[in-house]
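>>> need a 3D model of the sequence below.
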Amino acid sequence: MAMDDLAGSSSSSSAMDAVVADPSHGWQKVTYPKRHRKQGAAALPSAAAPDLGFLPNGGGKVNVFEAVDRNAEKRHRALLAARDAADPDAARIAAATASAYSDDDDDSDEAQATRPEGEVKKPKVKKPKKPKVTVAESAALIDAENLAAHLVQISESYENQQDIQLMRFADYFGRSFASVSAAQFPWAKMFKESLVSKMVDIPLCHIPEPVRNTASDWINQRSPDALGDFVMWCIDSIMSELSGQAVGAKGSKKAAQQTPRAQGPEDCMVVAIFVVLALTVRRKPEVLTNVLPKIMGNNKYLGQEKLPIIVWVIAQASQGDLVTGMFCWAHFLFPTLCAKPSGNPQTRDLVLQLLERILSAPKARGILLNGAVRKGERLIPPVTFDLFMRAAFPVSSARVKATERFEAAYPTIKELALAGPPGSKTVKQAAQQLLPLCVKAMQENNADLTGESAGVFIWCLTQNAESYKLWERLHPENVEASVVVLSTIVTKWSELSHKLSAESLKVTLKNLRTKNEAALEAATDSGKQASIKAADKYSKEILGRLSRGGACLKGSLLVITLAVAAGFVLSPNLEIPSDWDKLQAMVASHLSF
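Numbering: from 1, shown residues only. Below is the predicted model of the structure:
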């Protein structure tokens, strides 16, 4: 047992000697030179401190691997020096990389120290900025004589190819505005934010008058077909450019950078296209009347962001011819965009702005009345007038901010819609088309609209005898409308009796009463029966007034005739008027009535 203890003691003593001989206990420490450089400065004061409790593992020595670390660092520096000597460029790249990704300013300074001595850092070369040239500055440089010479040249070179002539015409202005950047002509923003009264002269206000006159005279000699195709090409180009801007605005920044946006020459061509389009439409506004049906019937050209362009084009036509501008507004723009009362307020505002500009032009009323009927077409068609009347007389709950503007323009629109020589073909056609529309409007439970529609209905009766027959055909299904018309005639009898044809009215009322009798027998609804009875009552009252008026007229004419005859008998030498036969015929006709 004692031997075992002695052996154990000897073994323990050997182990302790081994520990003293190898303080690392057989573990090897992995060091990182870079981290060691950062922490070296902080480790030295700790090593010199008398308190050993803060040393790693409570050791009593500073660092047993200090010599090894110094040797490793020397070898690392030697390798770096050898590499730098072999490839100076790689050294500069490594230094720049180390500087960019350094975690500490010391590392950055060390990396910069590897730059070879005497090397000077190259300064960044700034790109020269292009001078900003405005549309006005470029337009002022256009020479009318130079333009005239160019137009003569292209007219001779492409004598039978007017489409190419017009393209070369546009190219000339494209070169003239080659220095204008998109920033100097933000047309989409200007059209979106400007009033119609301000955007109508963009950009033509910058073009010198001699240049405009030269271009207009040349345009006047082109054929309508070629000009129509050219106008369509201009509008297509503008719409395509606008669509490209919309895609760039909605997409990501990267997508916007990759989108082939109009820069440089394309920007100047946009300015040129607006210029030549305005010049063409102002000089030949009738071309637009042939183009607009294609535009307004295609969704490609419709939309809130594209509407200012359409309004701008029609405004150009109104600058050239006020009647053509109103025709385009009434036949295409307003019916297409304002057919529904619940339309877009911004759309309604733009449409009304254009109308207000047309109506506010000098001597607009006289000019428009003289052109109320052109080539057999009415300036304000019946359908447009019906839509405008409904917009001006909505129910109280449907009134909007624009209602007052509709009300202000309504008298002029009504005057234009009903204008024309009484009894003329166009007036008769308008009466036949308006009468059914008025019948529908009178039954919409809107007192203001009903009263206005009744007045237009009676106007239709005064302009066309066929309107009475149309009334008879519509009466069975629209008794309520007939009640409104008949009650209006009774109320305003003194005003309307001399405007309405007594004979036609008498025949129509008798036929209405006959239809009422048949309808009353078949009607089962109490409301329907009440309307039929009311219509029959008013018809009977009007017939009575017509009969009394006819009897009074017959009596008056008989008295006049007897007086004339008595005077002739008492004064046989009295000269007989040369138109005595006409007087007799007139009296006979009234007596027969």
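>>> which residues touch stretch 316-328?
200, 277-278, 281-286, 288-289, 292, 314-315, 329, 354, 357-358, 361, 364, 367-368, 370-371, 374, 377, 379-380, 416 (C-beta atoms under 8 Å, 6 or more residues apart in numbering). Backbone N, C-alpha and C define where each C-beta goes, glycine included.
>>> same question for stretch 165-176.
138-139, 141-142, 147, 150-151, 154-155, 158, 215, 218, 222, 226-227, 230, 234, 265, 268-269, 271-273, 275-276.
>>> would you map the helices across the stretch 251-400 of the chain?
Ranges of helices within the stretch 251-400 of the chain are 253-258, 265-283, 286-296, 307-320, 322-328, 334-337, 345-359, 364-370, 382-392, based on DSSP state H, counting those that start in this stretch.
>>> for Ile532, which of these is the nearest?
Closest to Ile532 of the helices of the stretch 251-400 of the chain, according to C-beta to C-beta: helix 382-392, at 26.8 Å.
>>> I'd like the next helix or strand past the closest one.
helix 403-417 (DSSP states H and E).
>>> which strands or helices does that following helix pack on?
Applying 3 or more C-beta pairs under 8 Å, 6 or more residues apart in numbering; DSSP states H and E, we find helix 403-417 packed against helix 345-359, helix 364-370, helix 382-392.
>>> what angle separates that helix from helix 382-392?
150 degrees (axes from the mean of the first three to the mean of the last three C-alpha atoms, to 10 degrees).
>>> residues making contact with helix 403-417?
Residues contacting helix 403-417 (C-beta under 8 Å, 6+ apart): 326, 352, 355-356, 359, 365, 368-369, 372, 378-382, 384-385, 388-389, 391-392, 394, 430, 434.
>>> returning to what we had before: can you select the buried ones from the contacts of stretch 316-328 in PyMOL?
Buried subset of the contacts of stretch 316-328, written as a PyMOL selection, criterion 16 or more other C-beta atoms under 10 Å:
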select buried, resi 200+277+278+281+282+283+284+285+286+288+289+292+314+315+329+354+357+358+364+368+371+379+380+416
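>>> ok, Arg378 touching Val427?
No. Using C-beta atoms under 8 Å, Arg378 is not in contact with Val427, being 9.0 Å away.
>>> re the thing from before, among the contacts of helix 403-417, which ones are buried?
326, 352, 355, 359, 368-369, 372, 378-382, 384-385, 388-389, 391-392, 394, 430, 434.
>>> pipe the helices and strands packed on helix 403-417 into a markdown table and attach distance to Glu404 and mean pLDDT per row.
A markdown table is the format used below for the helices and strands packed on helix 403-417 (distance: least, C-beta to C-beta, whole Å; pLDDT from 0 to 100):
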| stretch | distance to Glu404 | mean pLDDT |
| --- | --- | --- |
| helix 345-359 | 10 | 96 |
| helix 364-370 | 20 | 97 |
| helix 382-392 | 9 | 97 |
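>>> dump those into JSON lines; add distance to Arg70 as well.
Listed next are these as JSON lines, based on distance: least, C-beta to C-beta, whole Å:
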{"stretch": "helix 345-359", "distance to Arg70": "80"}
{"stretch": "helix 364-370", "distance to Arg70": "100"}
{"stretch": "helix 382-392", "distance to Arg70": "95"}
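>>> in a strand, Lys127, correct?
No. Counting by DSSP: H, G, I helix; E, B strand; the rest coil, Lys127 is not found in a strand; it is coil.
>>> contacting residues for Leu279?
204, 207, 212, 215-216, 219.
>>> for the strand or helix carrying Ala519, buried residues please.
Using DSSP H and E, Ala519 sits in helix 502-522. Across helix 502-522, burial judged by 16+ other C-beta under 10 Å covers 504-506, 508-509, 511-512, 515-516, 519.
>>> quick one on the thing from earlier: make a markdown table out of the helices of the stretch 251-400 of the chain and add distance to Phe191.
Below are the helices of the stretch 251-400 of the chain laid out as a markdown table (distance: least, C-beta to C-beta, whole Å):
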| stretch | distance to Phe191 |
| --- | --- |
| helix 253-258 | 21 |
| helix 265-283 | 10 |
| helix 286-296 | 16 |
| helix 307-320 | 4 |
| helix 322-328 | 18 |
| helix 334-337 | 16 |
| helix 345-359 | 10 |
| helix 364-370 | 24 |
| helix 382-392 | 25 |
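>>> closest to Trp471 out of the ones you listed?
helix 382-392 (16.3 Å).
>>> neighbours around Asp448, how many?
The tally of other residues near Asp448 (other C-beta atoms under 10 Å) stands at 12.
>>> how is the protein divided into domains?
Domain assignment for the chain by automatic domain parsing gives 28-112, 130-320, 420-549, 554-592.
>>> which stretches of this protein have low pLDDT?
1-68, 83-122, 245-268, 342, 549-593 (pLDDT under 70).
>>> show me where it has strands.
Listed in chain order, the strands found in the chain under DSSP state E are 373-374, 377-378.
>>> okay if I get those as TSV plus distance to Asn478?
Below are the strands of the chain laid out as TSV (distance: least, C-beta to C-beta, whole Å):
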stretch	distance to Asn478
strand 373-374	29
strand 377-378	25
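>>> can you say which of those is nearest to Met296?
strand 377-378 (16.4 Å).
>>> just checking: what are the partner strands of the closest one?
strand 373-374 (antiparallel) (DSSP bridges).
>>> what lies in contact with the strand it pairs with?
Defining contact as C-beta under 8 Å, 6+ apart, one finds that strand 373-374 is touched by 323, 327, 379, 419-420, 424, 426.
>>> what do you get for stretch 198-207?
In contact with stretch 198-207 (C-beta under 8 Å, 6+ apart) are residues 135-136, 139-140, 142, 185, 187, 190-191, 194, 212, 271, 274-275, 278-279, 282, 308, 312, 315-316, 319, 357.
>>> let's see it at 6 Å
135-136, 139, 191, 274, 278, 312, 315 (C-beta atoms under 6 Å, 6 or more residues apart in numbering).
>>> likewise for stretch 454-462?
Under the criterion C-beta under 6 Å, 6+ apart, residues 431, 434-435, 438, 467, 484-485, 488, 499 lie in contact with stretch 454-462.
>>> in ChimeraX, select just the buried ones from the contacts of Leu279.
Applying 16+ other C-beta under 10 Å to these, the buried members can be selected in ChimeraX as follows:
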select :204,207,212,215,219
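>>> the nearest residue to Asp229 once chain neighbours are set aside: how many residues sit nearby?
Spatially, and ignoring its direct neighbours in sequence, Asp229 is nearest to Asp163 (6.3 Å; C-beta to C-beta, 6 or more residues apart in numbering). Counted with other C-beta under 10 Å, the neighbours of Asp163 add up to 16.
>>> quick one: Asp163 and Val231, what's the gap?
12 Å (C-beta to C-beta, to the nearest Å).
>>> coming back round to it: which of the helices of the stretch 251-400 of the chain sits closest to Ser181?
helix 265-283 (5.7 Å).
>>> run the angle between that closest one and helix 286-296 for me.
Going by the same axes, to 10 degrees, helix 265-283 makes 120 degrees with helix 286-296.
>>> on that earlier part again, of the contacts of stretch 165-176, buried ones?
The buried subset of these - by 16+ other C-beta under 10 Å - is 138-139, 142, 147, 150-151, 154-155, 215, 218, 222, 226-227, 230, 234, 268-269, 271-273, 275-276.
>>> residues contacting Val483?
Contacts of Val483 (C-beta under 6 Å, 6+ apart): 531, 534-535.
>>> can you tell me which of the residues you listed are in helices?
Counted as lying in helices by DSSP state H, out of these, are 531, 534-535.
>>> among these, who's most crowded?
Ala535 (27 neighbours).
>>> what sits up against stretch 287-295?
224, 227-228, 231-232, 281, 301, 317, 328, 332.
>>> out of these, who has the most neighbours?
Top of the contacts of stretch 287-295 by neighbour count (other C-beta under 10 Å): Val281, with 31 neighbours.
>>> residues contacting it?
Applying C-beta under 6 Å, 6+ apart, the residues contacting Val281 are 288, 316-317.
>>> excluding residues flanking it in the chain, which one is nearest it?
Gln316 (4.2 Å).
>>> ok, Pro131 next?
Nearest one to Pro131, counting by C-beta to C-beta, 6+ apart, is Ser179 at 7.7 Å.
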